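>>> fold the following.
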Amino acid sequence: MLESRGKQQSPHNTAGGFISKWKKIGYTPISLPLFRPRLKANQLMDISTRIATMTEAGLPVTASLRLVSHEARSHGLKKILETIAAQVEAGVSISDAFKQQDHVFPAIFIRMIQAGENSGKLDVALQRLSVHFEKQHNLEQNIKSATAYPKIIAGVLVLVVLFLFSFVVPRFESVFLGMGAELPLLTRTVLFLGQVGAKHWHLLILSLLLLFFACRLALKTEKGMYAKDRLFFSIPFVSAFYRKTLVATFCRTLGTMLSSGVDLLLALELAGQVTDNRVFKTKIEQSKTRIVHGSSVADALARTNAFPPMVIGLVQTGEQTGTLDHLLGRSASFYEQDVEHTLNRLGAILEPALILFMAVIVGLVVISVLLPMFELFAYV
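Below you'll find the predicted structure:
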């Protein structure tokens with residue numbers, strides 16, 4: 001019925017009717033950033049949800065893809081989805097069509113679609129992808145929200161310090177020099193920093209820019225990226241939080257793929273890649289090797305020393321009861337909530353700490369200015 005109706009109406013007109021209905025429900029068009037070819041988690045969640053809902057309602061996958069493509073604001077994403085739809089119409093499998101666009105869609109998206117296609121439950125696989133990317137998006141948003149205010153405070157602190165040392169402090173220099181008395185060490189230090197800031201501010205800015213670009217270039221090398229990933233495991237207080245984030249992402253990804261029928265070894269490999277940490281990825285590769293040689297999943301993960309005892313216990317229980325995917329999902333939910341609570345506590349501590357630090361810096365500058373005046377008044 002749906003296919004015969006599609007022959008009578010052009011895909012554009014059919015899509016236009018569906019688009020207006022989807023917009024009334026509250027969906028907004030998908031956009032692909034110009035300089036960010038890979039889709040973000042919320043965009044992948046949106047695409048997965050829409051295609052799953054329409055295919056579950058009986059609409060062919062090609063028609064679903066074309067409807068989603070018509071809603072895309074970005075011309076690049078529109079063309080990609082239209083290309084995928086055309087390839088599927090020409091007889092290419094859905095997973096292969098998405099695989100040819102792997103510069104936009106992540107490996108987990110492609111593998112899950114492949115698993116759903118092979119099992120005949122594509123809509124179920126897409127719904128699981130939707131939930132997966134929704135959780136990932138929420139985790140990313142929690143981290144951004146918790147760090148937004150401290151970033152603003154830190155930026156204001158830098159601007160205040162630059163203003164004080166470049167414009168305020170130098171104005172007092174002639175006054176202090178006319179006093180003729182020896183200035184306190186704190187005042188001399190502040191005056192020196194003020195002179196450097198006033199006379200060489202352009203060199204300071206240039207140095208900071210060069211340092212920034214040098215770090216960016218270093219982080220693009222394999223050694224630089226590995227060193228950065230390793231650094232996060234050694235920073236006090238940060239390492240524990242970072243490990244929890246990696247564990248939550250890993251468990252969520254592995255559980256989602258196993259529930260869709262993806263092979264265990266391939267699921268482990270993709271879950272390690274999704275964490276985007278080379279040290280963690282290396283540990284997962286080592287656990288894969290142990291599993292190939294006959295080790296259990298729980299034992300292989302335990303020997304990496306990257307997972308808390310609770311996760312290892314749940315994995316062991318899941319292996320014995322055949323509910324590994326379900327218990328991995330519970331582990332992910334637990335650590336996602338733990339990360340959220342940690343971020344809330346960290347934000348509550350960082351905000352007053354940064355404000356206090358800014359007050360101390362400003363206070364030191366004020367004291368350095370007032371000390372010579374107090375000495376002068378005492379002398380008079």
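
>>> pull out the buried residues from stretch 355-363.
residue 358 (16 or more other C-beta atoms under 10 Å). For every residue, glycine as well, the C-beta is placed using N, CA and C.

>>> how far is it from where the chain is centred?
Counting by C-alpha atoms, centre = their mean, to the nearest Å, stretch 355-363 is centred 31 Å from the centre of its parent chain.

>>> could you do stretch 98-110 as well?
For stretch 98-110, the distance to the chain centre is 18 Å (C-alpha atoms, centre = their mean).

>>> in that stretch, what's buried?
Those buried within stretch 98-110 under the rule 16+ other C-beta under 10 Å are 98, 99, 101, 104, 105, 106, 108, 109, 110.

>>> can you give me the end-to-end distance of that stretch?
Stretch 98-110 has its terminal residues 6 Å apart, counting by C-alpha to C-alpha, to the nearest Å.

>>> ok so, going back, just flag the most distant two among the buried residues of stretch 98-110.
The most widely separated members of the buried residues of stretch 98-110, counting by C-beta to C-beta, are 101 and 108 (14.2 Å).

>>> about what we covered before: need the buried residues of stretch 98-110 in a markdown table with distance to residue 371 and secondary structure, can you?
Output for the buried residues of stretch 98-110, formatted as a markdown table (distance: C-beta to C-beta, whole Å; DSSP: H, G, I helix; E, B strand; the rest coil):
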| residue | distance to residue 371 | secondary structure |
| --- | --- | --- |
| 98 | 68 | helix |
| 99 | 70 | helix |
| 101 | 66 | coil |
| 104 | 61 | coil |
| 105 | 63 | coil |
| 106 | 59 | coil |
| 108 | 61 | helix |
| 109 | 63 | helix |
| 110 | 66 | helix |
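
>>> ok, the residues you listed vs residue 274, which is closest?
Nearest to residue 274 among the buried residues of stretch 98-110: residue 108, at 6.0 Å, using C-beta to C-beta.

>>> on the three-state scheme, the nearest residue to that closest one once chain neighbours are set aside is what?
Once flanking residues are discounted, residue 108 sits nearest to residue 270: 5.3 Å by C-beta to C-beta, 6 or more residues apart in numbering. Here residue 270 is recorded as helix under DSSP: H, G, I helix; E, B strand; the rest coil.

>>> contacting residues for residue 270?
107, 108, 111, 253, 257, 262 (C-beta atoms under 8 Å, 6 or more residues apart in numbering).

>>> from residue 301, how far out is it?
Shown here: residue 270 relative to residue 301, a distance of 15 Å by C-beta to C-beta, to the nearest Å.

>>> over to residue 374?
64 Å.

>>> quick one, which of the two is more surrounded?
Legend: neighbour count by other C-beta atoms under 10 Å for residue 374 and residue 301, higher for residue 301 (25 against 11).

>>> ok, now how distant is the more buried one from residue 311?
With C-beta to C-beta as the criterion, residue 301 and residue 311 are 7 Å apart.

>>> isn't residue 264 right up against residue 297?
Yes - applying C-beta atoms under 8 Å as the test, residue 264 and residue 297 come out as touching, 7.3 Å apart.

>>> find the residues that touch each one of the two.
residue 291.

>>> so for the two, which sits in the more crowded spot?
residue 297 (21 against 14).

>>> quick one: pLDDT of residue 159?
On the pLDDT scale, residue 159 is placed at 80.

>>> helix or strand for it, which one?
helix 122-163 (DSSP states H and E).

>>> what helices or strands is that helix leaning on?
With contacts taken as 3 or more C-beta pairs under 8 Å, 6 or more residues apart in numbering; DSSP states H and E, helix 122-163 sits against helix 41-56, helix 107-119, helix 238-259, helix 324-379.

>>> lowest average confidence, helix or strand, in the protein?
helix 2-8 (a mean of 40; mean pLDDT, DSSP states H and E).

>>> how near is the nearest residue to residue 83 once chain neighbours are set aside to residue 84?
Nearest-residue entry for residue 83: residue 101, 7.4 Å, with adjacent residues in sequence omitted and distances by C-beta to C-beta, 6+ apart. As judged by C-beta to C-beta, residue 101 and residue 84 stand 6 Å apart.

>>> and if you look at residue 162?
50 Å.

>>> before we move on, what about residue 313?
Relative to residue 84, residue 313 is positioned 42 Å away (C-beta to C-beta).

>>> what of residue 94?
8 Å.

>>> can you check residue 111 too?
Residue 111 sits 16 Å away from residue 84, taking C-beta to C-beta as the criterion.

>>> then residue 239?
Taking C-beta to C-beta, one finds residue 239 at 41 Å from residue 84.

>>> who's more crowded, the two?
Neighbour count, other C-beta under 10 Å: between residue 239 and residue 84, residue 84 has more, with 26 against 13.

>>> contact partners for that one?
Contacts of residue 84 (C-beta under 8 Å, 6+ apart): 65, 94, 97, 98, 100, 101.

>>> let me know the pLDDT of the residue nearest the centre of the chain.
In the chain, the centroid-proximal residue (C-alpha atoms, centre = their mean) is residue 140; its distance is 5.0 Å. At residue 140, the model reports a pLDDT of 83.
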